[in-house]
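Visitor: sharing a model that was predicted from the sequence below.
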Amino acid sequence: MIIEASSLEKSFGQLKVLKGIDFSAENGEVVSIMGASGAGKSTLLQILGTLSTPDAGTLFIDGVDVLHLSGEELSRFRNRRIGFVFQAHHLLPEFTALENVMIPALIGGRSASDAKSAAKSLLEDLGLAGRLTHKPAELSGGEQQRVAIARALVNNPATVFADEPSGNLDSVTKAELHRIFFTLRDKYGQTFIIVTHDSELAGMCDRCLHMKDGVFI
């Protein structure tokens with residue numbers, strides 16, 4: 001298993017958002033998590049992605065007990081082994097598509113030439129060979145999201161977490177983006193965990209889990 005989580009609990013004040021969640025995913029698996037707003041999907045994704053800490057439970061990613069890493073160790077692990085794609089792409093507006101994708105690789109200590117080569121290859125794989133020097137404002141919504149996906153993959157992470165990745169896109173662009181996830185999985189072997197309201201995307205996944213009131217149903 002690439003991810004093994006057991007008995008995860010999380011509360012915000014008096015509100016218990018996660019009520020003893022067990023979750024696992026295999027290497028190369030694409031898993032979708034669905035549920036109404038407030039079900040706990042994004043909270044679970046943030047914990048699985050090490051962006052938030054549970055009140056109770058255990059979490060192993062790629063064999064590492066991530067809940068017991070120091071702050072510096074966790075930051076290094078997250079940079080090298082985890083990728084994120086959000087509904088809002090969070091690209092840096094002053095940098096080109098190529099530079100945006102290079103940033104995590106440079107933070108991870110790779111040389112500029114290596115980072116540039118990896119970023120260029122991913123952007124070309126995603127159909128953006130002619131957009132390398134364009135800044136985010138010069139790209140369409142779908143192109144911006146593909147840059148964000150390339151950025152998530154540039155350090156060859158074990159797992160990619162996506163939170164409503166196609167939520168802001170039109171139906172044609174959305175369908176194209178959905179296909180990209182599976183093409184990338186087949187080529188690079190990453191595990192994708194996707195929180196979505198989109199039944200079409202969920203139906204394409206290897207597994208679809210449904211959450212309600214902090215538990216899987």
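Guide: Here it is on my side, so go on. Numbering: from 1, shown residues only.

Visitor: in this protein, which spans are strands?
Guide: Along the chain, counting by DSSP state E, strands occupy 3-12, 15-25, 30-34, 56-61, 64-65, 82-86, 159-163, 191-195, 207-212, 215-216.

Visitor: neighbours around the closest residue to residue 123 other than its chain neighbours, how many?
Guide: Among residues not flanking residue 123 along the chain, residue 150 sits closest, at 5.2 Å (Cβ to Cβ, 6 or more residues apart in numbering). For every residue, glycine as well, the C-beta is placed using N, CA and C. For residue 150, the neighbour count with other Cβ atoms under 10 Å is 27.

Visitor: same thing with residue 114?
Guide: Residue 114 has 13 neighbours, counted by other Cβ under 10 Å.

Visitor: quick check: the residue nearest in space to the middle of the chain vs residue 93, distance?
Guide: In the chain, the residue lying closest to the centroid (Cα atoms, centre = their mean) is residue 161, at 2.3 Å. With distances taken as Cβ to Cβ, to the nearest Å, residue 161 is found 24 Å from residue 93.

Visitor: quick one: pLDDT of residue 62?
Guide: If you check residue 62, the pLDDT there is 89.

Visitor: distance of it from residue 161?
Guide: Taken as Cβ to Cβ, the span from residue 62 to residue 161 is 13 Å.

Visitor: confidence-wise, which helix or strand of this structure is lowest on average?
Guide: Between all helices and strands in the chain, the lowest mean by mean pLDDT, DSSP states H and E belongs to helix 171-188, at a mean of 82.

Visitor: got the angle for that one vs strand 159-163?
Guide: Helix 171-188 runs at 170 degrees relative to strand 159-163, counting by axes from the mean of the first three to the mean of the last three Cα atoms, to 10 degrees.

Visitor: so helix 171-188 versus strand 191-195, what angle?
Guide: Using the same axes, to 10 degrees: helix 171-188 against strand 191-195 is 150 degrees.
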